[in-house]
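Asks: Predicted structure and sequence below. I'll ask about it afterward.
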Amino acid sequence: MKLHASTTKQYQTVTGYDDSGVEINAEHFDFSLIVMPETAPRPWPVPDFESLAAEHFEQIEADQPDVVILGTGARQRFVHPRLVASLSARRIGVECMDSQAACRTYNILMGEGRKVTLALIIER
């Protein structure tokens, strides 16, 4: 699905997504990644939901976001609280949703000026 253009071109915006991956500012990515408004997207070494480990969320903690939107693939799945304990200890919220909803939510929060991280699992 293509998303409409917005006035947030200086930020990392989700501009489309489909079963093969996601577009950030019209650049296609077909691997799991971390996206923040003012930082270029970077790979996230998570091949699938079942591979998630606490270390993956500790990597996100270093960015000190206000909230993490976790895109879990084609369907919504929830992580065990022990995996996000490092984020919870710092009062960083983690919201789990299917990847399409995560992309839309990220764009809304980013457009509001929130310090949000999109952690997107793209399974091959």
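Replies: That came through fine.
Asks: Show the residue spans covered by the strands in this protein.
Replies: 14-18, 21-24, 27-29, 33-36, 39-43, 67-71, 93-97, 116-120 (DSSP state E).
Asks: Please render those as TSV that adds mean pLDDT, distance to Ser86 and mean neighbour count to the earlier fields.
Replies: (Each C-beta comes from the backbone N, C-alpha and C, glycine too.) Compiled in TSV, the strands of the chain are given as follows (pLDDT from 0 to 100; distance: least, C-beta to C-beta, whole Å; neighbours: other C-beta atoms under 10 Å):
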stretch	mean pLDDT	distance to Ser86	mean neighbour count
strand 14-18	95	26	18
strand 21-24	96	25	21
strand 27-29	97	25	14
strand 33-36	98	15	22
strand 39-43	96	19	13
strand 67-71	98	11	24
strand 93-97	97	10	17
strand 116-120	98	13	26
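Asks: Figure out which of those is closest to Cys103.
Replies: Cys103 sits nearest to strand 14-18 of all the strands of the chain, at 4.2 Å, using C-beta to C-beta.
Asks: how many other residues sit next to Glu61?
Replies: As a burial measure, Glu61 scores 17 neighbours (other C-beta atoms under 10 Å).
Asks: got a list of what the nearest residue to it once chain neighbours are set aside touches?
Replies: Excluding its sequence neighbours, the residue lying closest to Glu61 (C-beta to C-beta, 6 or more residues apart in numbering) is Ser86, at 5.0 Å. Residues near Ser86 by C-beta atoms under 8 Å, 6 or more residues apart in numbering: 54, 57-58, 61.
Asks: By neighbours, which of these wins?
Replies: Most surrounded of those: other C-beta under 10 Å gives Phe57, at 21 neighbours.
Asks: Next, count neighbours for the residue nearest to it when sequence neighbours are not counted.
Replies: Leaving aside its chain neighbours, Phe57 sits nearest to Val84 (5.1 Å; criterion: C-beta to C-beta, 6+ apart). Applying other C-beta under 10 Å, we find 23 residues neighbouring Val84.
Asks: Name all residues that make contact with Val84.
Replies: The neighbours of Val84, taking C-beta under 8 Å, 6+ apart as the test, are 54, 57, 68, 94.
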